[in-house]
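In: Mind folding the following:
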Amino acid sequence: MQIVTPDAGAIALFAAAALALLVTPGPAVLYIVARSVEQGRLAGLVSDLGVHAATLIHVLAAVLGLSALLASSALAFGIVKYAGAAYLIWIGLRKLFGPASAPALDAAAGRHAYRRLFRDGFVVNLLNPKTALFFLAFLPQFVDPAKGHVASQVLVLGLLFILLGLVSDGCYALAASAAGGWLKRSRTYLAVERYVSGILFIGLGLTAAFAGGHRK
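Out: Below you'll find the model as predicted:
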């Protein structure tokens with residue numbers, strides 16, 4: 001496939017608009033922040049990678065036109081929306097009612113723990129229909145059909161969005177992990193952390209379930 005890129009001006013405008021959207025906290029950002037505070041910088045960065053691995057799936061879906069199918073099908077939209085919300089709520093309930101894990105156990109879990117963080121970040125963003133609809137509505141604004149090869153233009157913009165997302169969410173992970181070091185030395189925080197994290201994820205799930213009920 002021949003690669004055709006949008007004009008430099010369109011790319012610059014897209015980058016500015018994408019950054020404005022990325023720095024606004026949403027479910028993925030809040031997930032990364034929660035994991036960074038709880039388990040540290042590397043956990044936050046692994047979660048960041050998981051989130052944007054799912055973003056890559058959304059980009060490829062947009063290139064193939066699957067986002068249009070999702071937007072046009074109320075049933076598909078509802079299934080993905082509520083599956084994502086249920087997954088967030090399940091994470092919260094597991095945090096609230098599951099066995100408390102000591103930091104030493106998390107460290108001993110090694111790659112298995114980080115693999116789970118990657119998976120959870122991937123699922124949280126994959127099962128977010130707003131991401132698919134975002135690419136459907138946002139990327140075409142910066143594509144020039146007259147240049148041809150629309151799919152390759154969408155791909156270039158999508159990959160740029162992923163790069164910007166990795167950087168911006170990585171900054172959130174670093175900042176949250178720095179604050180997490182202080183929070184973990186606070187006895188009050190240690191006493192309520194599992195409840196705060198659990199309620200946060202359940203709240204995210206409920207927000208995802210009830211927000212954006214009308215497709216545009």
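
In: pretty sure residue 164 is in contact with residue 20, am I right?
Out: No - taking contact to mean Cβ atoms under 8 Å, the distance of 10.5 Å between residue 164 and residue 20 leaves them out of contact. Every C-beta, even on glycine, is put in place using the N, C-alpha and C of the backbone.

In: Tell me which of the two has more neighbours.
Out: Taking residue 164 and residue 20 together and counting by other Cβ atoms under 10 Å, residue 164 has the greater number of neighbours (19 against 9).

In: and residue 86, how many neighbours?
Out: The local packing of residue 86 (other Cβ under 10 Å) involves 14 other residues.

In: oh sorry, the question was meant for residue 207
Out: Neighbour number of residue 207 under other Cβ under 10 Å is 15.

In: Can you tell me the element it falls in?
Out: According to DSSP states H and E, residue 207 maps onto helix 187-210.

In: For that helix, the averaged confidence score.
Out: Averaged across helix 187-210, the pLDDT comes to 71.

In: Could you point out the longest helix of the protein?
Out: Of all the elements of type helix in the chain, the one with the most residues (DSSP state H) is helix 150-184.

In: for that one, the distance to its chain's centre please.
Out: Centroid separation between helix 150-184 and its chain, computed with Cα atoms, centre = their mean, to the nearest Å, is 9 Å.

In: For the residue nearest to residue 128 when sequence neighbours are not counted, give me its contacts.
Out: Here the nearest residue to residue 128 in space, its sequence neighbours aside, is residue 84; by Cβ to Cβ, 6 or more residues apart in numbering that works out to 5.3 Å. For residue 84, the residues meeting the contact criterion (Cβ atoms under 8 Å, 6 or more residues apart in numbering) are 123-124, 126-129, 208.

In: what's the answer for residue 21, then?
Out: Residues counted as contacts of residue 21 (Cβ under 8 Å, 6+ apart) are 134, 138.

In: any idea how far it is from residue 60?
Out: Per Cβ to Cβ, to the nearest Å, residue 21 is found 20 Å from residue 60.

In: Same question for residue 174.
Out: When distance is defined by Cβ to Cβ, residue 174 is 28 Å away from residue 60.

In: Kindly report the same for residue 54.
Out: 11 Å.

In: Just want to know which of those two has more residues nearby.
Out: Here residue 54 and residue 60 are compared on neighbour count by other Cβ under 10 Å; more neighbours surround residue 54, at 19 against 15.

In: so where does that one fall, helix or strand?
Out: Counting by DSSP H and E, the secondary-structure element that holds residue 54 is helix 41-64.

In: residue contacts, the nearest residue to residue 157 once chain neighbours are set aside?
Out: Closest residue in space to residue 157, ignoring its immediate chain neighbours: residue 139 at 5.1 Å, by Cβ to Cβ, 6+ apart. If a contact means Cβ under 8 Å, 6+ apart, then residue 139 has 14, 62, 154, 157-158, 161 as its contacts.
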